[in-house]
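K.L.:
Here's a sequence, model it:
(2 chains)
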Amino acid sequence: MNSQIDLDAITDADRRVLEAIQGGLPLVPHPYAEIGLSIQMDEEEVIERIRILQQSGVIRRMGIIVHHRPLGYQANAMVVWNLPEEQIEAFGNAVSPLDFVTLCYQRRADLPRWPYTLYTMIHGKDRESVLQRVETLVELSPLKQQTDYKVLFSSRRFKQQGARYFNQQRTTTTQNDGATQHHPAP
Amino acid sequence: MRNASPVPVLDSINHNLINMLQGGFPISENPYQEIANKVGISEDELLWRLEVMKTDGIYSRFGPLYNAVALGGAVTLAALAVPEKEFERITELVNAHEEVAHNYQRAHHRSPTQFNMWFVISTETADEIGQVIEQIEAETELTVYNMPKLKEYFLELKFVL
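P.N.:
I've put the predicted structure just below:
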């Protein structure tokens, strides 16, 4: 993660661009020109600012934010791992390249009740395929079957909305947790 | 699983598009034309396909994914152990906070714990996270467990079709 971003370097003009695109790009041949029209900025400047914002890490990426379920990914589990501190990084590096691991975070434990520090989101066509994939991860963990981990399937989703950065809309999505991509990434 | 819907028919061109567009999008004057050229279709057809897939709910949005922390905001993952018969009432209290971005009921497979409600809190400033947690604790009379991110492992968004 790029944590060296200088907030003061984000200008008012940058914020106008970020606000104008947070709901998504228009499906027209010159989308950046159309964005510019709404904020009195020409196409070239919009493109340049977005490029810089992406290079500096303010925009993580541009692209499509998919809904998992219509694509056939009906099941997801958040799998949490309680690993010795010195083994967390090696395990994270080993599992994050696997294509069914869609998020991988190290988080602070909330002791004494919650000692888990590595969080992986596993998607699959159904619960059975998710569980098979979890087994693959268990085999990659230092303690194999003795590993302390929990598999938390989502049973209901109550709310999924984008995080809000700008006052007008709430349509922005961060890569936070499940889904959503949806689901995110706190 | 609830809301199981039939998988829409996606042809190979749409498969290619989704795989490609999860990885990024050109920042240039004619970005759709560039993508269309790569896939081997016209720009008109590409725009039409994106419209249809949006309408069909294949994707939610086409645009930027922001780094909340870079914008001065803060995000955390929080959990509650909610007594089963209180679940609906507590859900309403938690979701009433506009800073709560996602909220999932999660059931533990084979190794039950009481942490059954998991939600993301996203605020415009770092200080507000603690305030929201305090409010939720006061309203629900439950302890909010807070698991802020320490490190993110890089991975591509990869729903490979």
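K.L.:
Without its sequence neighbours, what residue ends up closest to the most centrally placed residue in chain B?
P.N.:
Chain B has residue B:102 as the residue nearest its centroid, 7.3 Å off, counting by C-alpha atoms, centre = their mean. Nearest residue to residue B:102 in three dimensions, chain neighbours excluded: residue B:120, at 4.6 Å (C-beta to C-beta, 6 or more residues apart in numbering or on different chains). For glycine as for every other residue, the C-beta is placed from the backbone atoms N, C-alpha and C.
K.L.:
Would you check that that neighbour makes contact with residue B:104?
P.N.:
No - taking contacts as C-beta atoms under 8 Å, residue B:120 lies outside contact range of residue B:104: 9.1 Å.
K.L.:
and the helix or strand harbouring the residue nearest to residue B:102, what's its mean pLDDT?
P.N.:
Element membership of residue B:120, judged by DSSP states H and E, is strand B:115-123. The average pLDDT for strand B:115-123 rounds to 93.
K.L.:
Count residues in the vicinity of residue 67, would you?
P.N.:
Just going to use chain A. Residue A:67 sits with 21 neighbouring residues when counted by other C-beta atoms under 10 Å in any protein chain shown.
K.L.:
please go with chain B instead
P.N.:
A count of nearby residues for residue B:67, using other C-beta under 10 Å, gives 24.
K.L.:
Residue A:136 now?
P.N.:
13.
K.L.:
same thing with residue A:143?
P.N.:
15.
K.L.:
Next: residue A:24.
P.N.:
19.
K.L.:
all strands for chain A, in order.
P.N.:
Secondary structure of chain A (DSSP state E): strands at A:59-66, A:75-82, A:101-107, A:118-124, A:148-160.
K.L.:
export these to JSON lines and tack on distance to residue B:136, mean pLDDT and mean neighbour count?
P.N.:
Formatted as JSON lines, the strands of chain A follow (distance: least, C-beta to C-beta, whole Å; pLDDT from 0 to 100; neighbours: other C-beta atoms under 10 Å in any protein chain shown):
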{"stretch": "strand A:59-66", "distance to residue B:136": "27", "mean pLDDT": "85", "mean neighbour count": "22"}
{"stretch": "strand A:75-82", "distance to residue B:136": "20", "mean pLDDT": "92", "mean neighbour count": "23"}
{"stretch": "strand A:101-107", "distance to residue B:136": "18", "mean pLDDT": "91", "mean neighbour count": "24"}
{"stretch": "strand A:118-124", "distance to residue B:136": "21", "mean pLDDT": "92", "mean neighbour count": "24"}
{"stretch": "strand A:148-160", "distance to residue B:136": "14", "mean pLDDT": "81", "mean neighbour count": "18"}
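K.L.:
can you tell me which residues contact the spatially most distant residue from the centre of chain A?
P.N.:
Going by C-alpha atoms, centre = their mean, the residue of chain A most distant from its centre is residue A:40, 31.3 Å out. Under the criterion of C-beta atoms under 8 Å, 6 or more residues apart in numbering or on different chains, residue A:40 has no contact partners.
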